[in-house]
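> Predicted model and sequence below, questions to follow.
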Amino acid sequence: MRLFTPVIFSSILFVVGCAGNSTVSRTADINKYQYVVLPNVLSYNGDPELMDLEVQIYDALELTRLTVIREKEIYSLTEDQKQRLLLARFSARQNSDYSRISVNFTDFVTGRPVASCYGAYALGFDESGDLDGAMVKVSEEINKLF
């Protein structure tokens with residue numbers, strides 16, 4: 001019984017320690033989207049850790065069925081292509097207890113939120129490990145969605 005208790009506790013901690021989820025608007029046709037852009041990349045002047053996340057989010061988006069384009073390319077798209085374009089924005093929150101990364105997708109033409117994915121992690125031995133775990137979870141959610 002002594003060995004069994006730590007195993008159960010570790011299993012519960014693992015379930016609580018990492019999570020991911022996606023939310024899609026009930027009225028959105030997620031399958032219509034073909035392109036995605038992560039806007040305002042060149043103007044970013046925040047935390048260097050978040051800049052690393054931006055690279056990882058690009059990588060996650062490139063593993064989907066969506067074509068990742070640069071912001072400069074938007075205005076060379078046809079009107080039909082713009083109808084199938086998503087803007088992806090991300091945010092990260094981190095403290096000594098957990099890390100959470102959210103990626104939100106907005107319809108380019110209407111500005112309407114279409115979907116949101118998040119990953120959270122709280123099992124690392126340091127904040128960097130938690131951030132890496134949250135990135136893995138949000139990447140999984142983005143891949144499931146697209």
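That came through, no problem.
> In the biggest helix by length in the chain, which residues are buried?
The single longest helix within the chain, with elements called by DSSP state H, is helix 127-145. Buried residues in helix 127-145, counting neighbours by 16 or more other Cβ atoms under 10 Å, are found at 130-135, 137-139, 141-142, 145. (C-beta placed from N, C-alpha, C; glycine too.)
> need the contact list for the residue nearest to the spatial centre of the chain.
The centre of the chain sits closest to V103, judged by Cα atoms, centre = their mean, with a distance of 3.7 Å. By Cβ atoms under 8 Å, 6 or more residues apart in numbering, the contact set of V103 is 57, 60, 88-90, 116-118, 138, 142.
> returning to what we had before: check which helices and strands the longest helix of the chain sits against.
Where contact means 3 or more Cβ pairs under 8 Å, 6 or more residues apart in numbering; DSSP states H and E, helix 127-145 is packed against strand 18-24, helix 48-62, strand 85-94, strand 99-107, strand 113-121.
> Determine the angle, from 0 to 180 degrees, between the fourth one and strand 85-94.
Angle, strand 99-107 to strand 85-94, by axes from the mean of the first three to the mean of the last three Cα atoms, to 10 degrees: 160 degrees.
> The last one too?
With the same axes, to 10 degrees as the basis, strand 113-121 and strand 85-94 are set at 30 degrees to each other.
> Next, the angle strand 18-24 makes with strand 113-121.
In terms of direction (the same axes, to 10 degrees), strand 113-121 departs from strand 18-24 by 180 degrees.
> mind showing which ranges of the chain have poor pLDDT?
Within the chain, the set of residues satisfying pLDDT under 70 comprises 1-16, 41-50, 123-129.
> May I have stretch 21-35 exported as PDB, CA atoms only?
The C-alpha coordinates for stretch 21-35 follow below in PDB (Å, rounded to 0.1, in the frame of the first residue of the first chain):
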ATOM      1  CA  ASN A  21      -7.900  22.800 -24.700                       C
ATOM      2  CA  SER A  22      -9.400  24.400 -27.800                       C
ATOM      3  CA  THR A  23     -12.500  26.400 -28.200                       C
ATOM      4  CA  VAL A  24     -14.100  27.000 -31.600                       C
ATOM      5  CA  SER A  25     -16.900  29.500 -32.300                       C
ATOM      6  CA  ARG A  26     -20.200  27.600 -32.800                       C
ATOM      7  CA  THR A  27     -20.900  29.700 -36.000                       C
ATOM      8  CA  ALA A  28     -17.400  29.400 -37.500                       C
ATOM      9  CA  ASP A  29     -16.500  27.100 -40.300                       C
ATOM     10  CA  ILE A  30     -13.000  26.300 -39.300                       C
ATOM     11  CA  ASN A  31     -12.400  24.200 -42.400                       C
ATOM     12  CA  LYS A  32     -12.700  27.200 -44.700                       C
ATOM     13  CA  TYR A  33      -9.500  28.700 -43.500                       C
ATOM     14  CA  GLN A  34      -6.300  28.100 -45.600                       C
ATOM     15  CA  TYR A  35      -3.900  30.800 -44.500                       C
END
